[in-house]
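J.: output the structure for:
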Amino acid sequence: MMSHGLLQRPRPFGPASSVQCHRNSSIRNLTLGRKGHVRPFQGLARSSDKDPQGTEGPPSDPSSSPASTSEQQQQPSVAVVGEDGNLQLPKEVIDRIKFTVFGFDTFWVTSVENYKADGVVFKGNMRGKDPYASYEKMRDRMKTELGEDYQLFLLEDQEDKPTAVVLPKTAANEGTISKVTEVWLTVLFAGLTLITTANSNGVPLLQFLIDPFRTPISTQDFLDALPGALAFFFALGAHEWGHQWAAKRRGLGTYYPLFVPAGFGFLGSFGAITRIRGFVPNREALLDFAASGPLVGTGVAGAITFLGFVLSSLGVTDVSIDSSSFADSFFMAVAAQAFLGDDLVNPVVQVNSLLVAGWAALVVNSLNLIPAGELDGGRIALAVWGRKSAGVLSIATLGTLALTSLASSLSFYWIGLVLFLQRGPVLPCSEELGAPKDDKAITAGLALLALPLLVLAPYPIELVLAMQEMSAPVPF
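T.: Now for the predicted structure:
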């Protein structure tokens with residue numbers, strides 16, 4: 001048996017990331033404000049058949065066919081906002097969109113405004129009951145009328161009112177990188193992650209590369225670290241496979257995942273950044289994609305942790321950690337008490353390396369489920385509650401992390417990574433008005449959001465001891 005120096009006191013130290021980070025995007029900061037003013041885009045909610053101003057629009061036409069010119073001519077005059085009434089798309093394009101793309105069965109236009117320097121915003125109210133079905137009609141009509149030159153988005157503005165944003169295809173760009181750049185970045189980040197994972201499992205590979213003559217490494221060191229490192233990478237791979245599985249199911253394309261090296265405590269990696277090619281069609285697809293990764297990853301990490309506890313309780317151990325380390329996690333403290341029992345009274349406890357690998361993988365998934373920025377947790381919150389509520393929750397979460405970072409190194413490093421890599425905002429879906437309809441998916445997403453409270457929150461040992469003292473009989 002050997003004791004890995006870096007595993008003497010494993011702590012959940014350092015953030016994880018498996019969300020899809022869209023960098024250098026010309027549309028990621030899609031903003032909708034009043035009278036052409038640019039403001040941070042917020043707000044998603046269910047659409048309504050009522051006019052957003054409180055007045056009733058024209059009666060809904062149950063027909064699914066495109067609105068005819070005569071029907072559109074019955075609309076009240078459309079307000080045009082902009083400098084001297086000039087819009088940034090050609091007038092003939094605006095007219096064709098108003099008279100053929102929109103209609104009684106989809107979207108009722110009340111005003112048209114400029115959007116930044118590229119497109120226009122059509123404001124009005126939804127006439128169709130299903131926002132995504134209406135979006136598909138409008139998208140198909142626009143393709144028929146204008147070809148592939150323009151991109152349509154169905155969103156909500158700052159006032160929680162539905163808007164249709166039309167941008168030239170060249171402006172609606174989520175940001176792309178060349179295949180060569182994608183490959184070499186993937187290989188580089190994977191190599192660095194291998195080094196930091198080796199370090200976290202007791203092999204000073206990074207020190208060896210810096211100063212090979214003063215840092216001896218033996219073959220046995222690698223053999224001893226292999227079970228834990230492989231188990232950790234297997235759990236990370238399961239998380240990424242979950243995302244790919246959902247992407248295939250939803251018809252989404254993705255770039256190669258970029259594994260982010262860590263090397264803090266027992267975390268060899270913060271997880272991976274997986275970018276989506278193009279735009280997610282709606283919030284239901286976003287929920288499926290965001291939740292599938294941590295759902296599969298947490299299941300695999302939990303199984304590895306359980307196996308590690310079982311082997312440890314049977315005496316199959318190969319590393320040692322401080323018993324008090326289990327108090328860093330409420331879930332791990334309860335599980336350790338159940339499996340290790342009286343062994344925890346010793347300052348140091350012998351455990352199997354699979355337990356440490358599973359614990360590290362649980363931390364990665366839990367950190368990734370914090371509802372902030374472009375993390376999976378932030379995307380789940382947006383998909384379930386809408387952009388405005390998710391934005392409020394994200395700010396509250398970051399504020400809480402900032403406060404707890406004064407006492408916790410974990411919070412300090414995690415908020416730094418969120419602000420640097422995953423600060424958001426989340427790239428808009430093509431249609432964001434409709435909430436997810438799959439109740440099981442919503443339940444799974446909400447359950448995943450509770451995981452950080454179980455894994456990252458410390459066990460309140462002082463509170464438990466105080467309650468035990470209060471319940472103890474008072475001697476006379």
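
J.: strands of this protein, start to end?
T.: In the chain, the strands defined using DSSP state E lie at 79-80, 107-115, 119-126, 150-156, 162-168, 253-254, 258-264, 267-273, 276-277, 319-322, 348-351.

J.: between those, which gets nearest to residue 230?
T.: Distance to residue 230, taken as CB to CB, is lowest for strand 267-273 among the strands of the chain, at 11.2 Å. From N, CA and C alone the C-beta is placed, and that goes for glycine too.

J.: got the CA coordinates for the closest one in PDB?
T.: The C-alpha atoms that make up strand 267-273 are tabulated as PDB, following Å, rounded to 0.1, in the frame of the first residue of the first chain:
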ATOM      1  CA  LEU A 267      -9.300  17.400  -9.600                       C
ATOM      2  CA  GLY A 268      -7.300  16.600 -12.700                       C
ATOM      3  CA  SER A 269      -9.700  18.600 -14.900                       C
ATOM      4  CA  PHE A 270     -12.500  21.100 -14.700                       C
ATOM      5  CA  GLY A 271     -14.400  19.100 -17.400                       C
ATOM      6  CA  ALA A 272     -14.800  20.100 -21.000                       C
ATOM      7  CA  ILE A 273     -16.100  22.900 -23.100                       C
END
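
J.: residue 384 is in contact with residue 393, correct?
T.: No. Proximity of residue 393 to residue 384 does not meet the contact threshold set by CB atoms under 8 Å, at 10.3 Å.

J.: who's more crowded, these two?
T.: The residue with more neighbours, out of residue 393 and residue 384, is residue 384; 23 against 18, by other CB atoms under 10 Å.

J.: contacting residues for that one?
T.: Residue 384 makes contact with 283, 287, 435-436, 442, 445-446, according to CB atoms under 8 Å, 6 or more residues apart in numbering.

J.: ok, 10 Å please
T.: By CB atoms under 10 Å, 6 or more residues apart in numbering, residue 384 lies in contact with 283, 286-287, 290-291, 371, 390, 435-436, 441-443, 445-446, 449.

J.: any idea how far it is from residue 444?
T.: Distance of residue 384 to residue 444, given as CB to CB, to the nearest Å: 10 Å.

J.: find the residues that touch each one of residue 393 and residue 384.
T.: Going by CB under 10 Å, 6+ apart, residues that sit against residue 393 and also against residue 384 are 371, 449.

J.: related to what we said a few turns ago, of the contacts of residue 384, which is the most crowded?
T.: The residue in the contacts of residue 384 with the most neighbours, by other CB under 10 Å, is residue 290 (32 neighbours).

J.: for that residue, give me its contacts.
T.: Residue 290 touches 18-20, 243, 246, 280, 368-369, 374-384, 426, 445, 448, counting by CB under 10 Å, 6+ apart.

J.: how far away is it from residue 380?
T.: 5 Å.

J.: and what of residue 215?
T.: For residue 215 relative to residue 380 (CB to CB), the value is 43 Å.

J.: any regions of the stretch 301-450 of the chain where pLDDT drops low?
T.: 409-410, 414, 420-424 (pLDDT under 70).

J.: shared neighbours, residue 384 and residue 444?
T.: 287, 291.

J.: run a quick neighbour tally on residue 218.
T.: By other CB under 10 Å, neighbour count at residue 218 equals 9.

J.: roughly how far apart are it and residue 266?
T.: 21 Å.

J.: same deal with residue 275?
T.: 28 Å.

J.: okay, these two: which has more neighbours?
T.: Between residue 275 and residue 266, counting by other CB under 10 Å, residue 266 is the more crowded of the two (28 against 23).

J.: phi and psi next, for the more buried one.
T.: phi -100, psi 10 (degrees, to the nearest 10).

J.: do the same with residue 435
T.: Per-residue torsions, residue 435: phi -80, psi 160 (degrees, to the nearest 10).

J.: next up, the contacts around residue 350.
T.: Counted by CB under 10 Å, 6+ apart, residue 350 has contacts 1, 3, 312, 315-321, 340, 343.

J.: can you check residue 310 too?
T.: The contact partners of residue 310, taken as CB under 10 Å, 6+ apart, are 316, 339, 352, 354-355.

J.: can you pick the most crowded of the residues you listed?
T.: Top of the contacts of residue 310 by neighbour number is residue 355, holding 30 neighbours under the definition other CB under 10 Å.

J.: any figure for the gap between that residue and residue 332?
T.: Distance of residue 355 to residue 332, computed by CB to CB: 9 Å.

J.: so which of the strands of the chain is the most surrounded?
T.: Greatest average neighbour count among those goes to strand 267-273 (a mean of 28), per mean count of other CB atoms under 10 Å.

J.: which elements pack onto that one?
T.: Judged by 3 or more CB pairs under 10 Å, 6 or more residues apart in numbering; DSSP states H and E, strand 267-273 is in contact with helix 179-200, helix 219-250, strand 258-264, helix 283-313, helix 353-368, helix 409-421.

J.: dump the C-alpha coordinates for the third one into PDB.
T.: Going back to what we said before, that points to strand 258-264. In PDB, the C-alpha atoms belonging to strand 258-264 read as follows (Å, rounded to 0.1, in the frame of the first residue of the first chain):
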ATOM      1  CA  LEU A 258     -11.900  21.000 -25.100                       C
ATOM      2  CA  PHE A 259     -10.900  19.400 -21.800                       C
ATOM      3  CA  VAL A 260      -9.800  22.100 -19.300                       C
ATOM      4  CA  PRO A 261      -6.800  21.100 -17.200                       C
ATOM      5  CA  ALA A 262      -7.000  21.700 -13.400                       C
ATOM      6  CA  GLY A 263      -4.500  20.100 -11.200                       C
ATOM      7  CA  PHE A 264      -5.900  21.500  -8.000                       C
END
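
J.: which elements pack onto it?
T.: Using 3+ CB pairs under 10 Å, 6+ apart: strand 258-264 touches helix 179-200, helix 205-210, helix 219-250, strand 267-273, helix 409-421.

J.: select, out of these, the one closest to residue 101.
T.: Among these, the nearest to residue 101 by CB to CB is helix 219-250 (24.9 Å).
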